[in-house]
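Q: mind folding the following:
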Amino acid sequence: MAPTLLQLSAVTRVRFIALVLLFVAAVPAWAGDGTQKWKSLETEHFVVHYYEPLLDVGRRVASVAERSHTVLAPVLGHEPEEKTHIVVNDMTDGANGFANVLPRNRITLFVTAPSGLSVLNDHDDWLYGLTAHEYTHILHLDSIGGLPYWYNKVFGKTWAPNQIQPRWIIEGIATHEESKRSSSGRTRSALFDMEMRIAVLAGKPLDLDNMSSGPRGWPHGTTPYLYGSHFLKYVFDRYGEDRLRAMSWSYGANPIPYGINHAIGEATGRRFD
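A: Numbering: from 1, shown residues only. Sure thing, here's the model as predicted:
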């Protein structure tokens, strides 16, 4: 009768478990659905990647992406040197996306319309709003000048100074622009307005330190979007939209990090604090 695993010596058990783990590690693995057939659409400024049967969605994304570029590139004063890659995904029920510029400009879009209880529910074209928000990130974070620009030319694109700005600035700019460049957006949302109004009426609005540190309290992860967009709207409504471009390039060309007060001071003559 063959001995059980518990009847084996400790050394033998360890060897047996190691052999099993080695066998498991050697088995090929795939992430996602291996049967998906991916295709790409290429436009003047974008490459849109989609899987069948999302051709119509891919075409629509390509169209609103080019519209976003036409509208937003002059605002940020930047046109990327390379095309931005957009990956279209329909594997979730949430309307969302994310963007990155290192080592290349890339956007992932979850192409699901927002629900009625979402702060994104007040829209004229939800797909344009989503794409415009993420492309604002690309234009903002890819605004790289001075020493960081030449460093990337030599060593590859690994340095984007704007990417280490406080999150309320990064998300606040994108949320501000999604609203400024459309007839909807979150700074016009009744739900967004309600969340800010509750804090003000309760006498407990978050201050600059809370905004910058990722508060655990309400409204949690919404804070950078909510407070950032309203604060920056206040700033740029009074000093001009061109100050956004000036701040972005001032910080994006500075090799010394964490000088966000210096950047806005150069742009407006006043510091954030």
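Q: now the helix ranked longest in the chain: buried residues?
A: Using DSSP state H, we find that the single longest helix of the chain is helix 55-76. By neighbour count on 16 or more other Cβ atoms under 10 Å, the buried set for helix 55-76 is 57-58, 60-65, 67-69, 71-72, 75-76. All C-beta atoms are positioned from the backbone trio N, CA, C, and that covers glycine.
Q: do stretch 96-112 as well
A: If you call a residue buried by 16+ other Cβ under 10 Å, then stretch 96-112 has these buried ones: 96-97, 99-101, 105-112.
Q: so which of these sit within strands?
A: Those of these mapping onto strands are 96-97, 99-100, 106-110, per DSSP state E.
Q: distance between the ends of stretch 106-124?
A: End-to-end distance of stretch 106-124 (Cα to Cα, to the nearest Å): 25 Å.
Q: quick one: mean pLDDT for that stretch?
A: For stretch 106-124, mean pLDDT is 87.
Q: do stretch 128-140 as well
A: For stretch 128-140, mean pLDDT is 96.
Q: go on, stretch 165-173?
A: 95.
Q: which intervals of the chain have sub-threshold pLDDT?
A: 1-11, 13-14, 20, 22-32 (pLDDT under 70).
Q: circling back to that earlier point, tell me what angle the longest helix of the chain forms with strand 106-110.
A: Angle of helix 55-76 versus strand 106-110, following axes from the mean of the first three to the mean of the last three Cα atoms, to 10 degrees, is 130 degrees.
Q: and helix 55-76, how far out from the chain middle?
A: Relative to its parent chain, helix 55-76 has a centroid offset of 16 Å by Cα atoms, centre = their mean, to the nearest Å.
Q: touching that helix from outside, list them.
A: 39, 41, 43-46, 48-50, 79, 84, 86, 88, 90, 109, 111, 125, 127-128, 131-132, 135-136, 139-140, 143, 177, 181, 241, 244-245, 248 (Cβ atoms under 8 Å, 6 or more residues apart in numbering).
Q: packing partners of whichever strand or helix holds Tyr135?
A: Following DSSP states H and E, one finds Tyr135 within helix 126-141. If you count contacts as 3 or more Cβ pairs under 8 Å, 6 or more residues apart in numbering; DSSP states H and E, helix 126-141 packs onto helix 55-76, strand 84-89, strand 96-100, strand 106-110, helix 167-180.
Q: so which of these is nearest Asp207?
A: Counting by Cβ to Cβ, Asp207 lies closest to helix 167-180 out of the helices and strands packed on helix 126-141; the figure is 11.5 Å.
Q: could you list every helix and strand in contact with that closest one?
A: Counting contacts by 3+ Cβ pairs under 8 Å, 6+ apart, helix 167-180 packs against helix 126-141, helix 208-213, helix 223-239.
Q: just say which of these is most tucked in.
A: Mean neighbours per residue, mean count of other Cβ atoms under 10 Å, is largest over these for helix 126-141, with a mean of 25.
Q: which outside residues touch whichever helix or strand comes after that helix?
A: Proceeding N to C from helix 126-141, the next assigned helix or strand is helix 146-155, under DSSP H and E. Applying Cβ under 8 Å, 6+ apart, the contact partners of helix 146-155 are 144, 158-161, 252-255.
Q: which one of the residues you listed is nearest to Phe272?
A: Distances from Phe272 to the contacts of helix 146-155, taken by Cβ to Cβ, are shortest for Asn254, at 15.6 Å.
Q: now name the helix or strand holding the closest one.
A: Counting by DSSP H and E, Asn254 is found in no helix or strand.
Q: quick one: the residue lying closest to it once chain neighbours are set aside and Phe16, what's the gap?
A: The spatially closest residue to Asn254, leaving aside those adjacent along the chain, is Pro161, at 6.0 Å (Cβ to Cβ, 6 or more residues apart in numbering). Remark: distance between Pro161 and Phe16 (Cβ to Cβ, to the nearest Å) = 53 Å.
Q: one more: Gly129?
A: Using Cβ to Cβ, Gly129 is found at 56 Å from Phe16.
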